[in-house]
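K.L.:
Sequence plus the predicted model coming up.
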Amino acid sequence: MRSHIHGATDFNMEKKLVPHRRQEGCCQSIHTRNCFLATGILGCLVIILGLLVLTMGPSFLSSMILKSLALSPDSARLASWLVPPVQAHMTAYAFNLTNPEEVMKGGKPVLQEVGPFVYKAVTVKDSLDMDTGDPNMKFDSMGSTITYRPRKFYYLVSGSADTTYITVPNIPFLTGLSS
């Protein structure tokens, strides 16, 4: 009997023949082939979609923008154009001449800044003709042109324009007197 030492190899032992299995590479697997096929089809679809967007996208986008910005009689854009969501404000300052008597005698004017006077500007675009009662805003027969007559109103928001007196020199008159 032979004694076996743990870890030692018996060199006299015949090699066991293991039938050679054919190794499948990464490209030979059915899963890999399916993945390549799906990736190729998906890539082709993305390329076709990209070409469609590249060729037809700008004209489609332009038509959608023009359609949403049109001021047609029944559009929501017309309503926001007639009554804008933002109100315009105007701020004004005036210069008061504090020494008018000295200026009339040829002295140097002394001016004082007065204000600010803040006005809210309201523009009415759908006004009516007072004589006929017809609206001044009209669309042409094709709906491509709007004709209207705007009216502007200014409402005082801050400042006391009703009780503030301002003396302003009449420059053309003073120029005429000096020449």
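P.N.:
Received, thanks. These figures come from a predicted structure and were not determined experimentally. Numbering: from 1, shown residues only.
K.L.:
now the least confident helix or strand in the chain by mean pLDDT: how far from the chain's centre is it?
P.N.:
Using mean pLDDT, DSSP states H and E, strand 138-139 stands out as the lowest-scoring helix or strand of the chain, at a mean of 70. How far strand 138-139 lies from its chain's middle: 28 Å, per Cα atoms, centre = their mean, to the nearest Å.
K.L.:
Residue 117 bridge partners, please.
P.N.:
When bridges are called by DSSP bridges, residue 117 pairs up with residue 92.
K.L.:
residues touching it, list them.
P.N.:
By Cβ atoms under 8 Å, 6 or more residues apart in numbering, the contact set of residue 117 is 91, 92, 93, 94, 156, 158, 159, 161. From N, CA and C alone the C-beta is placed, and that goes for glycine too.
K.L.:
Can I get these in TSV including pLDDT?
P.N.:
Shown next, in TSV, are those (pLDDT from 0 to 100):
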residue	pLDDT
91	92
92	89
93	91
94	89
156	89
158	84
159	77
161	68
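K.L.:
buried subset of those?
P.N.:
Among those, those that count as buried by neighbour count (16 or more other Cβ atoms under 10 Å) are 94, 159.
K.L.:
Let me know the closest of the contacts of residue 117 to residue 124.
P.N.:
Nearest to residue 124, judged by Cβ to Cβ, of the contacts of residue 117 is residue 156 at 17.9 Å.
K.L.:
I'd assumed residue 119 was in contact with that closest one.
P.N.:
Yes. Using Cβ atoms under 8 Å, residue 156 is in contact with residue 119, at 5.8 Å.
K.L.:
where does the residue nearest the centre of the chain fall, phi/psi-wise?
P.N.:
Nearest to the geometric centre of the chain sits residue 65, at 12.0 Å (Cα atoms, centre = their mean). Residue 65 adopts backbone torsions of phi -70, psi -50, taken as degrees, to the nearest 10.
K.L.:
Thanks again, I'm all set now.
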